[in-house]
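A.B. asks: sequence plus predicted model, see below.
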Amino acid sequence: MKKPPYDQRIARLLVLPLAQTPVTPNHITAMTLLLALGAACLFAQGDGRAADWGAGLFVLARFLDHLDGELARLKNAKSRFGYYFDYIAGALSYTALFAGIGIGLSDGALGGWALVLGAAGAASSILSLFINLDIDKQMELSDGQATGYPGYAGLELEDGIYLIAPIAWFGGLTPFFVLCGIGAAVYCLWSAWSLVKLRMG
């Protein structure tokens, strides 16, 4: 996309007050990971109210994830460690999300299939991490840039995760989880195919 997505543009404005503070991009990355892990723990409880809080917390974590890159650009603080840390934190966030929801829903209508979907989504998140790192290497983006998600009209594929909050609040977590589990696997396969095409030139 020629223009950054809407959430990244908002993050660019919100991060301005942090420019003259000791806060670093890695601080923000660590905070988003902790928030996502907390959300996963709430989902794993299998309680509707806890899941509602977990959904809101995870959406907050994923939005704040845009701040670290913007702060790095603002402070000219890009680093190889930050590049890998951001990738790993994102993958672990989604891995924990799928595992947490799978555990939380395993006593519901999905039964054992919730654990299967959770494991599939978690595995896809980890595999996508390594595939995207390899794509970056093939595209020579490892200087601090990273592979973006497919997008259109100011929205990215990843932005669909923001829907988890309103959907969970209105009782639609189970079907959304099913779609996300399938979607994570499809995205992983699409990323793998993109990598194969890059390697083939």
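C.D. replies: Done, it's in.
A.B. asks: my guess is Y162 meets F63, correct?
C.D. replies: Yes: judged on CB atoms under 8 Å, Y162 makes contact with F63 at a distance of 7.5 Å. In short, each C-beta sits where N, CA and C put it, glycine included.
A.B. asks: give the residues shared as contacts by the two.
C.D. replies: Listed as contacting both Y162 and F63 by CB atoms under 8 Å, 6 or more residues apart in numbering are D7.
A.B. asks: now D47, what are its backbone angles?
C.D. replies: D47 adopts backbone torsions of phi -110, psi 130, taken as degrees, to the nearest 10.
A.B. asks: any idea how far it lies from D65?
C.D. replies: Using CB to CB, to the nearest Å, D47 is found at 26 Å from D65.
A.B. asks: which one's more surrounded, the two?
C.D. replies: D65 (23 against 13; other CB atoms under 10 Å).
A.B. asks: which residue packs closest to that one, ignoring adjacent ones?
C.D. replies: Spatial nearest neighbour of D65, chain neighbours left out: T32 (4.7 Å); criterion: CB to CB, 6 or more residues apart in numbering.
A.B. asks: do G100 as well
C.D. replies: Closest to G100 by CB to CB, 6+ apart is A40, at 3.2 Å.
A.B. asks: again, but for A192
C.D. replies: Excluding its sequence neighbours, the residue lying closest to A192 (CB to CB, 6+ apart) is I131, at 5.5 Å.
A.B. asks: for the one you found, which residues are in contact?
C.D. replies: Counting by CB under 8 Å, 6+ apart, I131 has contacts C188, S191, A192, L195.
A.B. asks: go through stretch 172-182 and flag the buried ones.
C.D. replies: Neighbour counts over stretch 172-182 (16 or more other CB atoms under 10 Å) mark L173, T174, F176, F177, C180, G181 as buried.
A.B. asks: quick one, helices of this protein?
C.D. replies: 6-14, 25-44, 48-75, 80-105, 112-138, 164-169, 173-199 (DSSP state H).
A.B. asks: including pLDDT, could the contacts of I131 go into JSON lines?
C.D. replies: What follows is these, written out as JSON lines (pLDDT from 0 to 100):
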{"residue": "C188", "pLDDT": "93"}
{"residue": "S191", "pLDDT": "91"}
{"residue": "A192", "pLDDT": "94"}
{"residue": "L195", "pLDDT": "91"}
